[in-house]
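Novice: Would you be able to build a 3D model of this:
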Amino acid sequence: MQYSFEDPLALILLFLLPLIVYLYRDYVKKRKSAALRFSSIKTLKLVSPKKNIRLHLPFVLVWVAICLIILGLADPHIPRKTLKEGVNVILVIDDSGSMAASDYKPTRLEAAKRSAESLILDLNPKDNVGIVVFESGASTVSYLTPFKDKAITKLKAIKQKQGRTALGDGLGLAVDMAASIPNKKKVIILLSDGVNNAGAVSPKEAIDFAKLNKIQVYTVGLGSVEPVVLGYDLFGNPVMAQLDEKTLKDIAKETGGTYSKSVDEDTLDEIYKNIGENIEREIEDVSIKDWFFVGALLTLLLNIYIIYGRYRIIV
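Specialist: Here you go, the predicted structure:
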């Protein structure tokens, strides 16, 4: 276990401990010399080693108490593998026209909503969750909230749009939302099945914004094993679904997240489950200075008992 100190300068006081031992030994020597000077051989009694140890015990206990107090003043901390403040988790979902494709049942969008709901239910109680959707632009579905049931209700209400894909706008809005509640780790989970072809914010600008706010972004590319026809153009040519994996990989790589590709409902469910389980939670340092102060108090109480109690020592 690793220890850290909030106020390490207080540890300088530990250098006083050897000095205290030296002064005590000097005091004992002078007291013995004075005792011999005023005692006769007849009245002088030998002190047994056991008795001698007991005579020095009060000093040892006071010395230990001083040591504990100094360590307490340095405010020691130990790591704890829980995050008291929780995590801000933003789900960013593509609801552009291509998400109406039926290669996922009943549609890509509905499958994405179902997997997102499972992830929300698995979050820790102190985590906040928010939801952003994007097509030709981006909009907020649910602001950050610790109330998972309310976020799920709004998630289920997301409707299919017919616009294009403003991926940069969606990520940018999510970063802004994630940073709105400070002192929490921030994570964005972005799902898209298309190529950025709309919006005012480019993916590169959104990446820089996320890095500036130290936000980790997990990206999910929603595709299919076989080519998917979304419709036909004016000349009767098929319009195929296109997934921009390079951009999604760049977002994840630049922000410290991971990229995953889904090819069906099962892999999509598994991806969201893994992301939820593997969200990196910062280690919280907990102060244990009170332990040292209590230890010092108990040591001093023991010292008082030894001096004045039933088996008291005359000092």
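Novice: Now name the helix or strand holding Leu91.
Specialist: Assessed by DSSP states H and E, Leu91 sits inside strand 87-94.
Novice: With only the CA atoms kept, save that strand in PDB.
Specialist: Output in PDB follows, covering the C-alpha atoms of strand 87-94 (Å, rounded to 0.1, in the frame of the first residue of the first chain):
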ATOM      1  CA  VAL A  87     -18.200   9.600 -12.900                       C
ATOM      2  CA  ASN A  88     -19.900  11.800 -15.400                       C
ATOM      3  CA  VAL A  89     -20.900   9.500 -18.300                       C
ATOM      4  CA  ILE A  90     -22.400  11.000 -21.500                       C
ATOM      5  CA  LEU A  91     -24.000   8.700 -24.100                       C
ATOM      6  CA  VAL A  92     -23.800  10.200 -27.600                       C
ATOM      7  CA  ILE A  93     -26.100   8.500 -30.000                       C
ATOM      8  CA  ASP A  94     -26.300   9.000 -33.800                       C
END
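Novice: Packing partners of that strand?
Specialist: Counting contacts by 3 or more CB pairs under 8 Å, 6 or more residues apart in numbering; DSSP states H and E, the secondary-structure elements packed against strand 87-94 are helix 108-122, strand 128-134, helix 167-178, strand 185-192. Using the backbone N, CA and C atoms, a C-beta is placed for each residue, glycine as well.
Novice: Just want the angle from that strand to helix 108-122.
Specialist: Relative orientation of strand 87-94 versus helix 108-122 (axes from the mean of the first three to the mean of the last three CA atoms, to 10 degrees): 170 degrees.
Novice: now the angle between helix 167-178 and strand 87-94, please.
Specialist: Going by the same axes, to 10 degrees, strand 87-94 makes 160 degrees with helix 167-178.
Novice: so what strands line up beside strand 87-94?
Specialist: Its sheet considered, strand 87-94 pairs with strand 128-134 (parallel), strand 185-192 (parallel) by DSSP bridges.
Novice: Return the mean pLDDT over the longest helix along the chain, rounded to an integer.
Specialist: Counting residues, the longest helix found in the chain (DSSP state H) is helix 49-73. Confidence for helix 49-73, expressed as mean pLDDT, is 83.
Novice: next one: stretch 14-21
Specialist: The average pLDDT within stretch 14-21 is 92.
Novice: again with stretch 276-293
Specialist: 81.
Novice: which residues touch it?
Specialist: The contact list for stretch 276-293, computed with CB atoms under 8 Å, 6 or more residues apart in numbering, reads 4, 6, 68-69, 71-84, 87, 89, 118-119, 122-123, 185, 187, 216.
Novice: before we move on, back to that, make JSON lines from the strands paired with strand 87-94 and add mean pLDDT and mean neighbour count to it.
Specialist: Putting the strands paired with strand 87-94 into JSON lines (pLDDT from 0 to 100; neighbours: other CB atoms under 10 Å) gives the following:
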{"stretch": "strand 128-134", "mean pLDDT": "97", "mean neighbour count": "25"}
{"stretch": "strand 185-192", "mean pLDDT": "94", "mean neighbour count": "25"}
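Novice: doesn't Ser224 make contact with Asp103?
Specialist: Yes: using CB atoms under 8 Å, Asp103 is in contact with Ser224, at 4.5 Å.
Novice: Common neighbours of those two, please.
Specialist: Shared contacts of Asp103 and Ser224 (CB under 8 Å, 6+ apart): Asp264.
Novice: Compare those two (neighbour count), which wins?
Specialist: Counted by other CB atoms under 10 Å, Asp103 and Ser224 do not tie: Asp103 has more neighbours, with 20 against 16.
Novice: Would you mind measuring from that one to Leu109?
Specialist: 12 Å (CB to CB, to the nearest Å).
Novice: try Asn197
Specialist: Using CB to CB, Asn197 is found at 18 Å from Leu109.
Novice: Of these two, which one has the most company?
Specialist: Neighbours were counted for Asn197 and for Leu109 using other CB under 10 Å; Leu109 has more, 25 against 13.
Novice: contacting residues for the more buried one?
Specialist: Contact partners of Leu109, counting by CB under 8 Å, 6+ apart, are Ile93, Asp95, Met99, Ala100, Ile158, Gln160.
Novice: at 10 Å what do you get?
Specialist: By CB atoms under 10 Å, 6 or more residues apart in numbering, the contact list for Leu109 reads 93-96, 98-101, 133, 158-161, 191, 193, 222.
Novice: from those residues, which is closest to Gly168?
Specialist: Distance to Gly168 across those (CB to CB) is lowest for Asp94, with 12.2 Å.
Novice: Number of residues surrounding the closest residue to Ser102 other than its chain neighbours?
Specialist: Among residues not flanking Ser102 along the chain, Arg108 sits closest, at 7.9 Å (CB to CB, 6 or more residues apart in numbering). Residues lying near Arg108 (other CB under 10 Å) number 29.
Novice: starting at the chain centroid, how far to the strand holding Leu91?
Specialist: Centroid displacement of strand 87-94 relative to its chain, using CA atoms, centre = their mean, to the nearest Å, is 17 Å.
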